[in-house]
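Peer 1: No letters, just coordinates:
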């Protein structure tokens with residue numbers, strides 16, 4: 001079974017309540033309809049009811065287990081505005097601003113998650129990443145013990161031309177521009193947890209650099225070494241090594257040659273890049289030249305899942321984001337039992 005099929009299967013086994021904040025976009029509706037039909041989530045679409053209903057009719061869906069919420073007319077809007085005002089009043093937000101915030105689809109959807117009317121949200125097909133993340137931070141907030149929101153891509157190498165197949169996690173490809181050692185540690189620990197929650201396999205984390213095992217000396221290398229040590233201290237059971245060049249982390253023969261004492265042994269499945277520049281370039285090279293399927297950006301570090309889409313996303317991307325968000329939400333619910 002391919003890794004993405006496995007994620008979809010886990011979502012289908014325990015479908016969670018996922019809200020999509022940009023349901024006036026036909027790509028969002030198409031992906032949501034498919035998700036509802038496949039039973040991977042209980043879907044709520046947020047936006048203008050007439051527009052959404054028209055999209056649903058075009059999808060041949062006149063009666064389906066899809067809920068529609070129009071913030072302009074919803075019975076929830078008043079309750080959400082009051083809760084938002086209470087949440088943000090110390091930041092100078094008055095009642096009128098609170099109403100405007102929850103009448104926006106991003107704010108309304110985030111309040112659904114905060115107040116337990118949904119277990120996770122998906123947005124970003126229209127809104128920018130900055131707006132999507134800012135809204136999630138303000139309303140959903142950080143997870144207990146988390147100091148940072150970061151992002152990752154799941155890179156699926158499943159095609160015949162891929163000599164090494166499987167699911168690999170690249171972080172942080174979308175948010176933290178120049179993480180310091182403490183932030184890099186947080187990204188590594190969060191990414192390992194994310195990989196294990198989504199794939200059900202043990203994470204093997206490579207802290208990437210242009211140096212392997214002291215082959216180069218530079219402040220950028222020192223940062224990666226320090227972050228690796230911090231992560232080991234925080235989680236002694238975590239399989240992590242660094243600093244490693246990508247080939248030493250990915251190819252076993254090269255790993256044995258360049259880093260013979262590495263605990264990763266050229267078999268990493270989680271790759272932590274030293275900064276956003278390297279990570280963003282790296283995932284796009286893997287996607288566009290290597291033919292990897294890139295799922296994301298997926299957010300981590302929030303109290304409840306709130307994931308971002310690319311504005312160039314397809315309906316398939318929406319579908320897969322719903323599946324991932326549903327699995328994330330199920331993992332959080334399972335950990336609280």
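Peer 2: Okay, I see it. Just so you know, these numbers come straight off a predicted model, no measurement behind them. Numbering: from 1, shown residues only.
Peer 1: Could you use CA atoms for every contact and neighbour count after this?
Peer 2: Will do.
Peer 1: Show me where this protein has its strands.
Peer 2: 16-20, 41-46, 66-69, 120-123, 150-157, 166-171, 204-208, 239-244, 270-272, 293-300, 306-308 (DSSP state E).
Peer 1: Would you reformat those strands as TSV and include mean neighbour count and mean pLDDT?
Peer 2: Putting those into TSV (neighbours: other C-alpha atoms under 10 Å; pLDDT from 0 to 100) gives the following:
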stretch	mean neighbour count	mean pLDDT
strand 16-20	27	96
strand 41-46	24	95
strand 66-69	18	90
strand 120-123	28	94
strand 150-157	24	92
strand 166-171	22	94
strand 204-208	27	96
strand 239-244	26	90
strand 270-272	28	97
strand 293-300	23	88
strand 306-308	27	91
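Peer 1: what would the ones you listed look like in TSV with distance to residue 144?
Peer 2: Formatted as TSV, the strands of the chain follow (distance: least, C-alpha to C-alpha, whole Å):
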stretch	distance to residue 144
strand 16-20	21
strand 41-46	25
strand 66-69	29
strand 120-123	17
strand 150-157	15
strand 166-171	21
strand 204-208	23
strand 239-244	23
strand 270-272	22
strand 293-300	12
strand 306-308	16
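Peer 1: hang on, residue 188 packs against residue 269?
Peer 2: No: counting by C-alpha atoms under 8 Å, residue 188 stays clear of residue 269, with 11.9 Å between them.
Peer 1: Settle it for me: which of those two has more neighbours?
Peer 2: Using other C-alpha atoms under 10 Å, the more surrounded residue of residue 188 and residue 269 is residue 188, with 26 against 23.
Peer 1: Next, the contact list for the nearest residue to that one once chain neighbours are set aside, please.
Peer 2: Using C-alpha to C-alpha, 6 or more residues apart in numbering and skipping the chain neighbours, the partner closest in space to residue 188 is residue 272 (6.2 Å). By C-alpha atoms under 8 Å, 6 or more residues apart in numbering, the contact set of residue 272 is 170-172, 184, 187-188, 205-208, 279.
Peer 1: Could you find which two of those residues are furthest from each other?
Peer 2: Farthest-apart pair in these is 205 and 279; separation 14.7 Å (C-alpha to C-alpha).
Peer 1: Where does the prediction get shaky in the chain?
Peer 2: For the chain, applying pLDDT under 70 flags the ranges 1, 61-64, 214, 333-337.
Peer 1: Run through the bridge partners of the residue nearest in space to the middle of it.
Peer 2: The residue lying closest to the centre of the chain (C-alpha atoms, centre = their mean) is residue 298, at 1.4 Å. In this entry, residue 298 is beta-bridged to residue 152, by DSSP bridges.
Peer 1: Please give me every residue in contact with it.
Peer 2: Residues in contact with residue 298 (C-alpha under 8 Å, 6+ apart) are 151-153, 307-308, 321.
Peer 1: need those in CSV with distance to residue 228, can you?
Peer 2: As requested, these are arranged in CSV below (distance: C-alpha to C-alpha, whole Å):
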residue, distance to residue 228
151, 19
152, 18
153, 21
307, 27
308, 28
321, 30
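Peer 1: Out of the contacts of residue 272, which comes closest to residue 91?
Peer 2: Among these, and counting by C-alpha to C-alpha, the member closest to residue 91 is residue 187, at 28.3 Å.
Peer 1: That closest one reaches residue 169, doesn't it?
Peer 2: No: using C-alpha under 8 Å, residue 187 makes no contact with residue 169, being 11.6 Å away.
Peer 1: Could you list the buried residues of stretch 260-269?
Peer 2: Under the neighbour-count criterion of 16 or more other C-alpha atoms under 10 Å, stretch 260-269 has 260, 262-269 buried.
Peer 1: Turn the residues you listed into TSV, including distance to residue 283.
Peer 2: Below are the buried residues of stretch 260-269 laid out as TSV (distance: C-alpha to C-alpha, whole Å):
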residue	distance to residue 283
260	27
262	24
263	24
264	21
265	22
266	19
267	18
268	15
269	14
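Peer 1: between those residues, which is nearest residue 147?
Peer 2: residue 269 (23.9 Å).
Peer 1: Distance of that closest one relative to residue 244?
Peer 2: Going from residue 269 to residue 244 by C-alpha to C-alpha, to the nearest Å gives 13 Å.
Peer 1: Mind listing the shared neighbours of the two?
Peer 2: Shared contacts of residue 269 and residue 244 (C-alpha under 8 Å, 6+ apart): residue 206.
Peer 1: still on that earlier bit, check the gap between the residue nearest to the centre of the chain and residue 155 for me.
Peer 2: 12 Å.
Peer 1: what's the answer for residue 145, then?
Peer 2: 27 Å.
Peer 1: mind checking the longest helix of this structure?
Peer 2: Longest helix in the chain by number of residues (criterion: DSSP state H): helix 315-335.
Peer 1: Can you list the neighbours in contact with it?
Peer 2: So helix 315-335 is contacted by 7-8, 10-11, 14-18, 27-32, 34-35, 40-41, 119-122, 197-198, 295-296, 298, 304-307, 309 (C-alpha under 8 Å, 6+ apart).
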